[in-house]
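>>> Predicted model, plus sequence, below.
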Amino acid sequence: MTDKVPSNNPLPNKERAKLPRQRVPEQDPQVRAHNFCEVNLGFPAEQARQESLRCIECPKPGCVAKCPVSVNVRAVIDLILAGDYLGAASKVREDNALPAITGRVCPVEDQCEAGCVLGKKGEPVGIAYLERFVADWERETGQFGSPVSAPATGKKVGLIGSGPASLACAGDLIQMGHQVHVFEALHELGGVLVYGIPEFRLPKEIVRHEIEVLRRRGVVFETNVVVGKTVTIDELMQEEGFDAIFVATGAGLPKFLKVPGEHFNGVYSANEFLTRVNLMRAYLFPQYDEPLYPCKDRDVIVVGGGNTAMDAVRSALRLGAKSASIYYRRTEKEMPARVEEVHHAKDEGVHFEMLVNPVEFFGDEKGNLTAVKCIRQELGEPDDSGRRSPVPIKGSEFVVPCHVAIIAAGTSANPLIQSTTPGLAVTKRGYISASDDTLATSKPGVFAGGDIVTGGATVILAMGAGRKAAKSIDNYLKGLGQSKEEIQEAVQI
Amino acid sequence: MFEIVETRPLARGIKLFVIKAPRIARKQRPGQFVIVRLDECGERIPLTIADADPKAGTVTIVVQAIGKTTMLLSMLEAGDFIRDVVGPLGKPSEIEKFGTTVVVSGSVGTAMAYPTARELKRAGNKVISIVGARSKDLLVLEDEVRAVSDETYVVTDDGSYGQKGLVTDKLKELVDAGGVNYVLAIGPVPMMRAVANLTGPKQIKTIVSLNSIMVDGTGMCGGCRVLVNNSSQFACVDGPDFDATQVNFEVLTQRNNMYREQERASIERLQADPEAELKNLRESNRAHACALEPVEVSHD
């Protein structure tokens, strides 16, 4: 990026830095704690403009460098200042197929906004809110800021899973002129965006719109296909004519605590609880059929400190829980959840119990959960992740009543694809082995990315993997028909 | 969208459906199941595959109308559509040459046991089938079972057909006579538990197919977890077949009762106006079919 870019910002730099960061309107905490409507209401145009004025247009923008998909933030902000919101949306889409989604769920405090120079002395530019603003404006005005696709190559790529990695990959591959066919195991498209992230944080309508944009650009979607069961990767490549495959099936199996009583009615994995609430709309029972073990007027605890735990506990609150608590084994400082989610949860009335770990669940004669026994902990030496390990304090056990307990203690690899795809190498923890540079697996023509390679991570990191895979798949397809060595070389680029 | 190409009532409240699902028809093996969702507002429920025709691209399921979804499904006819059918899920039943095998099934469980009995026979086993039902009008697929079995015994609780009593009475006779190498039991939980109690102490290999509550069916949610040999197993991916002597049936029963109240409310809602629910389903699926129309794309 050059220093001399024509700017639509009328203010001198030192005036810009004095402007306060715009506060995004939110639903009142007391109100939103009882509904599933979106918490953040987003910037109106004037606020988007005001916030854009704060950008000092760094010659080497840290925001772009810190973005996993390298969105050209500076150019986007300049287009907002020019009033060309559709142009701004197209600009984002050059690098990011799902701007309305990332603008809502990215951990920006560790990414673009962490790279913003204004953050060093004050508050960074609200980049996520601006990204969301242009994507929402595009959708709400019924326009599509889609980039144009390259001429058709005649090559066909199968994408397994329809979560963020796959959708980002689909966006790039279709633009490169390839045929793209996405297989989804569930009945609805979007992966974690629809089964995991709740309506109040990411309305399903927005996911549907982003997918519709991809469909209009030519991506074919097929639901109800469990690759590994319904059809194998070898069958797709040998019998259905796919030239390359991208495996992006997500994190997979829920981890339980392996403590006594986890089979009692009312103990859920976060995956199941959120799938029932989000994908199956159990919060709309009986209009929707899928039932949920009742949370209303009852005590709900959620074990864990990540975004999934926050999503679960805030959902429980909205389902009418008498109390909704986070039980986390370390302290708030170590919690992996986004800061904004923790703030939102607190504002809504979620109780936080730190340095505790459940050791046993109790139930009544019908097998319904009634209480949980926990032990208090203190922080010891740092573990492999660099976080200080919790150590139980002897004799500190206590019992609290609880009717619903949701375990958000992470996930492990789902072995479905690995066990049905000969020649596909896995790591010792069961995830798919893929090259860091190209996401190529040990099997020619098969690439993998997102949580099935890295273990549980974020939407934007998965999207970054999807983009990287699209680039290597494109190189691979250009090399098809060449020698094995040449393909290998092409893929290494 | 999955078209129902044929339906056939088999017994009181039990109906057979042949559904167009070419991918599943091609891959399924005995013991596997599908998960269906009827329409936009539907829940996901597992149903065992009773048969398949890979050439015609169809799978057969047999459904007993006991919950809201199965009741509504039972109102559908050929030409109707089911919004989602996914599978084949679960591990196929283990088929090898065991010797003398006894296949015990209760009520609609017979439809699930039938394909496995057929494969056991094909693998060279002697197959003895014990088919149970509360009464004659709940008995299904008797002729099909007879056709693949060396011996078939029909048992009804009320004696309205076949021998009066429980399937375990007949099983006990066979076991006591000796020479039984393998038992497969599919049916209501109390029946499967009784079979396990009978054959377990005699060291006869006994397999049961568990009917846990499921959501995704791919191992993602863990809702179907059952205690097997005191450790948590997922019926959807580790099963549905398990060693009967290792299964904690008490926990299975308890977890299957988890949503009793909601299930009752859903049934009442359906029964208040079944025709309206059926109309909603058909309209919802018609609207979805339109939304799936392919898109014309032009490249530069």
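Yep, that arrived. Everything numeric in this text was worked out from a predicted model, so none of it was measured.

>>> which residues sit in contact with residue A:158?
A:181, A:182, A:183, A:236, A:237, A:240, A:242, A:244, A:245, A:246 (C-beta atoms under 8 Å, 6 or more residues apart in numbering or on different chains). The C-beta positions use only the backbone N, C-alpha and C, and glycine is treated the same way.

>>> let's go with 7 Å and repeat that
For residue A:158, the contacting residues are A:181, A:183, A:236, A:242, A:245, by C-beta atoms under 7 Å, 6 or more residues apart in numbering or on different chains.

>>> In this structure the second one contacts residue A:227, no?
Yes. At 5.5 Å, residue A:183 counts as touching residue A:227 under the criterion of C-beta atoms under 7 Å.

>>> Quickly list what's touching both of the two.
residue A:160.

>>> What parts of the stretch 101-250 of chain B come near chain A?
Applying C-beta under 7 Å from any C-beta of the partner chain, we find that the stretch 101-250 of chain B lies next to chain A at B:215, B:216, B:218, B:219, B:220, B:221, B:222, B:223, B:225, B:227, B:232.

>>> filter those to the buried ones?
Buried members of these, counted by 16 or more other C-beta atoms under 10 Å in any protein chain shown: B:215, B:216, B:218, B:219, B:220, B:221, B:222, B:223, B:225, B:227.

>>> Please list the members of those that lie in strands.
Judged by DSSP state E, those include B:225, B:227 as members of strands.

>>> Now do the same contact list for residue B:205.
By C-beta under 7 Å, 6+ apart, residue B:205 lies in contact with B:181, B:182.

>>> That one pairs with what?
Applying DSSP bridges to residue B:205 yields these beta-bridge partners: residue B:182.

>>> And stretch B:95-113, end to end?
Using C-alpha to C-alpha, to the nearest Å, the end-to-end distance of stretch B:95-113 comes out at 13 Å.

>>> Burial check on residue A:209, number of neighbours?
18 (other C-beta atoms under 10 Å in any protein chain shown).

>>> give me the element it is part of.
helix A:204-216 (DSSP states H and E).

>>> what's that helix packed up against?
Where contact means 3 or more C-beta pairs under 7 Å, 6 or more residues apart in numbering or on different chains; DSSP states H and E, helix A:204-216 is packed against helix A:99-105, helix A:164-175, helix A:192-195.

>>> which neighbours does the helix or strand following that helix have in its sheet, and in what orientation?
As assigned by DSSP H and E, the chain's next helix or strand after helix A:204-216 is strand A:220-222. Taking DSSP bridges as the criterion, strand A:220-222 sits next to strand A:179-183 (parallel) in its sheet.

>>> next one: the partner strand to chain centre, how far?
When C-alpha coordinates are averaged (C-alpha atoms, centre = their mean, to the nearest Å), strand A:179-183 and its chain have centres 21 Å apart.

>>> Identify all contacting residues around it.
By C-beta under 7 Å, 6+ apart, strand A:179-183 touches A:155-160, A:162, A:166, A:170, A:173-174, A:219-222, A:225, A:227.

>>> Then stretch A:300-312?
A:196-198, A:201, A:257, A:270, A:273-274, A:313, A:316, A:321, A:323-328, A:330, A:335-338, A:341-342, A:345, A:358, A:372, A:402, A:404-409.

>>> What about those residues, which are in helices?
Counted as lying in helices by DSSP state H, out of the contacts of stretch A:300-312, are A:270, A:273, A:274, A:313, A:316, A:341, A:342, A:345.

>>> so the last one makes contact with residue A:314?
Yes. Here residue A:345 reaches residue A:314: they are 5.5 Å apart, a contact under C-beta under 7 Å.

>>> ok, now how distant is the nearest residue to residue B:133 once chain neighbours are set aside from chain A?
Among residues not flanking residue B:133 along the chain, residue B:139 sits closest, at 4.3 Å (C-beta to C-beta, 6 or more residues apart in numbering or on different chains). Distance, residue B:139 to chain A, using C-beta to the nearest C-beta, to the nearest Å: 30 Å.

>>> Enumerate every residue touching residue B:139.
B:11, B:131, B:133, B:154, B:161.

>>> The third one reaches residue B:160, doesn't it?
Read it as residue B:133. No. Counting by C-beta under 7 Å, residue B:133 sits too far from residue B:160 to count as a contact (8.8 Å).

>>> out of these two, which sits in the more crowded spot?
residue B:133 (29 against 14).

>>> so what's that one bridging to?
With DSSP bridges as the rule, residue B:133 is bridged to residue B:156.

>>> For it, list the residues it contacts.
By C-beta under 7 Å, 6+ apart, the neighbours of residue B:133 are B:106, B:107, B:139, B:156.

>>> can you pull the pLDDT of it?
At residue B:133, the pLDDT value in this model is 93.

>>> go on, residue A:489?
Residue A:489 is given a pLDDT of 57.

>>> For chain A, tell me whether the helix or strand residue B:268 falls within is touching it.
Using DSSP H and E, the element containing residue B:268 is helix B:260-272. Yes. Applying C-beta under 7 Å from any C-beta, one finds that helix B:260-272 is in contact with chain A at B:262, B:263, B:265, B:266, B:269.

>>> what about the strands in the stretch 301-450 of chain A?
Taking DSSP state E, counting those that start in this stretch, the strands of the stretch 301-450 of chain A run over residues A:323-328, A:351-354, A:356-363, A:369-382, A:388-392, A:398-401, A:404-407, A:411-412, A:446-448.

>>> what ranges of chain B fall below the confidence cut-off?
Within chain B, the stretches with pLDDT under 70 are B:292-300.

>>> Show me what the longest helix seen in it packs onto, helices and strands only.
Longest helix in chain B by number of residues (criterion: DSSP H): helix B:274-291. For helix B:274-291, the contact count by 3+ C-beta pairs under 7 Å, 6+ apart identifies helix B:68-74 as packing neighbours.
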